[in-house]
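Peer 1: give me a 3D structure for the following:
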Amino acid sequence: MQSETHSAGGGVGKGVAPARGQSDVQGLLSLLANSSDGACVLDTRQRIVFWNAEAQRILGYSPPEVEGRTCWQVLQLTELDGSPVCGPGCTIIGCFRQGRAAINRRLLTTCRDGSHILLDYSTAAFDQGEGARLAGVIFFRRVALPQSPSATTPTQWEFHCLGAFAVRKQGAPLPLSAFPRRQAVTLLKILLTFRGRPLHREHLMELLWPEVGLREGVQRLKVLIHTLRSVLEPEAQRGGQTRLLVTGKESYWLSAEAGLWVDVDAYRDLAARGDSAFEAGDLPQALEHYGRACALYKGEYLPEDCYEDWSSDERSSLRERHQGLLEKAARAAALVDDQQGALDYYQQALALDPLRESTNRALMATLWRMGRREEAARQFHRLASALYKELGVSPEAETVRLYSTLLAETTPVVVGQRA
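Peer 2: Have a look, this model is predicted:
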């Protein structure tokens with residue numbers, strides 16, 4: 001590698017001793033494993049061959065999830081205006097192939113949970129002699145997002161995707177009937193689902209009209225883009241500057257700097273704040289954040305599009321996230337001796353997944369602690385009946401043991417502890 005690493009944002013990559021050649025790889029990886037920066041090593045085909053613990057903490061991906069995948073599939077780096085940086089033969093890999101580091105940058109990326117964060121990143125290149133298999137190292141560190149226009153002026157656009165889809169512009173409702181073409185609303189939903197990531201026109205055409213040829217698809221897409229802009233940004237139709245819907249080289253995206261508010265982003269932020277407070281032991285603060293997040297989760301993600309492939313991953317991710325949030329909120333409520341609050345959260349969690357046995361066990365124990373022994377027993381029998389009817393199976397041994405313990409005990413028990 002080169003004799004120095006380049007740092008961005010006040011020190012990304014500092015403190016890591018670069019290797020001089022391929023023989024030093026193992027020593028370098030040992031250093032990277034303990035780096036305070038996120039670090040990933042790429043081979044000459046842009047595949048990730050090493051991913052350290054800090055990279056997992058920042059982006060949420062574990063090493064087995066990323067190793068062997070190309071860097072652009074995982075990092076998904078974009079400029080602050082949403083224009084793409086990552087891709088085959090990008091600037092970074094081009095620098096690595098010349099044996100030099102890329103220029104330090106500050107870019108947006110998408111985490112495993114779908115949230116968008118800002119990274120300072122820097123690189124260090126391996127010597128590219130004959131037979132070289134490794135290209136270089138990317139270092140990155142999370143930094144606070146810069147203030148968007150919405151931080152100092154009223155939010156321009158609000159998009160509500162949890163439950164019934166709704167749009168507000170400058171605080172006023174924008175009825176969906178304002179869009180003269182129904183597919184313009186579908187296009188808007190797709191751009192929201194992949195917000196922060198430019199979508200190539202052919203990808204959009206495949207999602208909207210998989211049976212249509214290229215020429216016709218391009219024309220249809222132009223019509224829908226014009227329709228969206230005429231409703232969302234009529235000033236752009238009169239020669240004003242487009243702020244929300246941005247056009248790149250055969251790509252479209254929603255700008256991250258356009259005063260954009262999406263309930264999904266707000267929900268994930270509150271959920272993350274709640275988790276941080278919970279882990280720090282600040283249970284009242286955790287419950288406050290969880291309660292505000294629950295108020296935003298008015299229903300599944302775009303339920304009217306539940307059969308569309310483009311929405312399924314986001315819907316599943318959010319459903320699982322909310323399931324975990326409800327269960328953690330229930331535990332927090334129980335720890336501050338709010339048994340009714342715990343019961344309410346567990347019941348909401350079961351509404352999402354009635355057959356999840358761990359949640360059923362926690363609900364049974366909560367009912368028992370509240371002195372509602374018969375209800376705890378009925379909950380077990382409801383679960384046993386549903387499991388047999390839906391899956392043809394009996395409750396897990398742990399659930400049966402808890403049920404037996406609850407019947408035998410005269411004092412409340414806690415799930416996971418012996419009476």
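
Peer 1: I figured Asp37 hits Val137, correct?
Peer 2: No: look at Asp37 against Val137 with C-beta atoms under 8 Å: they stay out of range, at 9.9 Å. (Glycine included, C-beta is placed from N, CA and C.)

Peer 1: what residues sit buried inside the lengthiest helix in the chain?
Peer 2: Longest helix in the chain, counting residues (DSSP state H): helix 309-335. Within helix 309-335, the residues that qualify as buried are 310-311, 314-315, 317-318, 321-323, 325-334, counting by 16 or more other C-beta atoms under 10 Å.

Peer 1: which stretches of the stretch 101-250 of the chain have low pLDDT?
Peer 2: Low-confidence segments of the stretch 101-250 of the chain, defined by pLDDT under 70, are located at 103, 128-132, 144-155, 236-242.

Peer 1: rerun that using 90 as the cut-off
Peer 2: Where the stretch 101-250 of the chain drops to pLDDT under 90, the residues are 101-136, 142-157, 169-172, 194-199, 233-250.

Peer 1: where exactly do the strands run in it?
Peer 2: With strands called from DSSP state E, counting those that start in this stretch, the stretch 101-250 of the chain shows them at 105-110, 116-125, 134-143, 157-160, 166-169, 172-173, 199-200, 245-247.

Peer 1: want to throw these into TSV with distance to Gln219 and mean neighbour count?
Peer 2: Formatted as TSV, those follow (distance: least, C-beta to C-beta, whole Å; neighbours: other C-beta atoms under 10 Å):
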stretch	distance to Gln219	mean neighbour count
strand 105-110	31	19
strand 116-125	32	22
strand 134-143	40	24
strand 157-160	27	20
strand 166-169	26	17
strand 172-173	32	10
strand 199-200	16	18
strand 245-247	16	17
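
Peer 1: dump these to a markdown table, plus distance to Lys189.
Peer 2: Shown next, in a markdown table, are the strands of the stretch 101-250 of the chain (distance: least, C-beta to C-beta, whole Å):
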| stretch | distance to Lys189 |
| --- | --- |
| strand 105-110 | 18 |
| strand 116-125 | 18 |
| strand 134-143 | 29 |
| strand 157-160 | 9 |
| strand 166-169 | 10 |
| strand 172-173 | 17 |
| strand 199-200 | 12 |
| strand 245-247 | 13 |
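
Peer 1: which one of those strands lies closest to Asp263?
Peer 2: Closest of the strands of the stretch 101-250 of the chain to Asp263 is strand 157-160, at 4.9 Å (criterion: C-beta to C-beta).

Peer 1: give me the contact list for the closest one.
Peer 2: With C-beta atoms under 8 Å, 6 or more residues apart in numbering as the test, strand 157-160 has contacts from 165-169, 171, 192, 232, 244, 258-263, 298.

Peer 1: narrow these to those in helices?
Peer 2: Of the positions in these, 192, 232, 263 sit in helices, assigned by DSSP H.

Peer 1: hang on, Val137 packs against Ser122?
Peer 2: No: the criterion here is C-beta under 8 Å, and Val137 misses it with Ser122 at 9.1 Å.

Peer 1: tell me how many other residues surround the closest residue to Arg133 other than its chain neighbours.
Peer 2: Closest residue to Arg133 apart from its sequence neighbours, by C-beta to C-beta, 6 or more residues apart in numbering: Asp43 at 5.6 Å. Other residues near Asp43 come to 19 when the count uses other C-beta atoms under 10 Å.

Peer 1: now the closest residue in space to Leu325 that isn't next to it in sequence: which helix or strand?
Peer 2: Closest residue to Leu325 apart from its sequence neighbours, by C-beta to C-beta, 6+ apart: Ala271 at 5.2 Å. Using DSSP states H and E, Ala271 falls within helix 263-279.

Peer 1: centre of the chain versus the next helix or strand after that helix, how much separation?
Peer 2: Using DSSP H and E, the helix or strand that follows helix 263-279 in sequence is helix 283-296. With C-alpha atoms, centre = their mean, to the nearest Å as the basis, helix 283-296 stands 19 Å off its chain's centre.

Peer 1: repeat for stretch 104-117
Peer 2: Distance, centroid of stretch 104-117 to centroid of chain: 10 Å (C-alpha atoms, centre = their mean).

Peer 1: now swap in stretch 63-82 and tell me
Peer 2: 13 Å.

Peer 1: state the mean pLDDT of it.
Peer 2: Average pLDDT, stretch 63-82: 82.

Peer 1: which of the residues in that stretch are buried?
Peer 2: The neighbour-count criterion (16+ other C-beta under 10 Å) identifies 66-67, 70-72, 74-78, 82 as the buried residues of stretch 63-82.

Peer 1: repeat for stretch 294-310
Peer 2: Those would be 294, 296-297, 300-302, 305, 310, for stretch 294-310 by 16+ other C-beta under 10 Å.

Peer 1: where exactly do the helices run in the stretch 51-200 of the chain?
Peer 2: Here the stretch 51-200 of the chain has its helices, by DSSP state H, counting those that start in this stretch, at 53-59, 63-66, 71-75, 91-97, 149-152, 182-193.

Peer 1: how near is Asp127 to Cys306?
Peer 2: Separation of Asp127 from Cys306 (C-beta to C-beta, to the nearest Å) stands at 52 Å.

Peer 1: also Val49?
Peer 2: Note on Val49: its distance to Cys306, by C-beta to C-beta, is 38 Å.

Peer 1: show me the domain layout of the chain.
Peer 2: Following automatic domain parsing, one finds the domains of the chain at 22-143, 179-258, 298-408.

Peer 1: out of the ones you listed, which gets nearest to His289?
Peer 2: Among the domains of the chain, the nearest to His289 by C-beta to C-beta is domain 298-408 (9.1 Å).
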